[in-house]
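*Asks:* pasting the sequence and the predicted model now:
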Amino acid sequence: MRKAILIVSGLLFIAAVWAQEPKAFRGVPFGASEEEVASTLKLSAVSCLDMDGQRSCIHHTSLGEVKVMEVYQFDEDRLVQVFLSFKSPQYSLLREEFIKLYGKPTEIWTEPYETVGGKHRTEMLEWRGDKMIVRVEQFGPSLHEGIAVVATREWFEKSESE
């Protein structure tokens, strides 16, 4: 009986592991250098700048049918996060693209979102794994812009606590 409980517990743990947890974004592994990111993605028209001790490189492209601005963030010349910005009317397309890439979110919720024009709710999806966190938000800094982030869990949690 005890052996059966252990086997069932082990199977439940295996099922809870995020099977599609990313190790890379667009084929670039997290931990890659700025040079490796530019080379792998063949980025010639990319703008980089230093802010608060971190390096960020901006690239405009598409993810599926959604036009996005990607910001590759580096800490000590290692890729730790990719931030994406998109037009909020394209949220449902980006949402589906992320579900195709990463599977069913580990958590979905809504939060109140208030603007000069009134009160709204924003949907948020999150995938949490041992090493990575992915989050998509219907609305970011405005009702016109949604945001997403793919980050190492260590970097994400450090950023959230600051």
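*Replies:* Received it, and whenever you're ready, just let me know what you need. Numbers count the residues shown, from 1 in each chain.
*Asks:* phi, psi of residue 30?
*Replies:* The phi and psi torsions at residue 30 (degrees, to the nearest 10) take the values phi -70, psi 140.
*Asks:* surely it touches residue 23?
*Replies:* Yes - counting by C-beta atoms under 8 Å, residue 23 is a contact partner of residue 30 at 6.7 Å. C-beta coordinates here come from the backbone N, C-alpha and C atoms, glycine included.
*Asks:* now residue 139: closest residue in space, sequence neighbours ignored.
*Replies:* Sequence neighbours aside, residue 122 is the residue nearest to residue 139 in space, at 4.2 Å (criterion: C-beta to C-beta, 6 or more residues apart in numbering).
*Asks:* ok, residue 75 - how many residues close by?
*Replies:* When neighbours are counted by other C-beta atoms under 10 Å, residue 75 registers 15.
*Asks:* which stretches of the chain aren't confidently modelled?
*Replies:* By pLDDT under 70, the low-scoring segments of the chain are 1-16, 44-46.
*Asks:* could you redo the last one with a cut-off of 80?
*Replies:* The chain contains residues with pLDDT under 80 at 1-17, 43-46, 51-53, 117.
*Asks:* can you pull out the strands in it?
*Replies:* Here the chain has its strands, by DSSP state E, at 24-25, 28-29, 47-51, 54-63, 66-75, 78-87, 107-115, 118-128, 132-142, 145-152.
*Asks:* since that was my last question, I'll sign off now.
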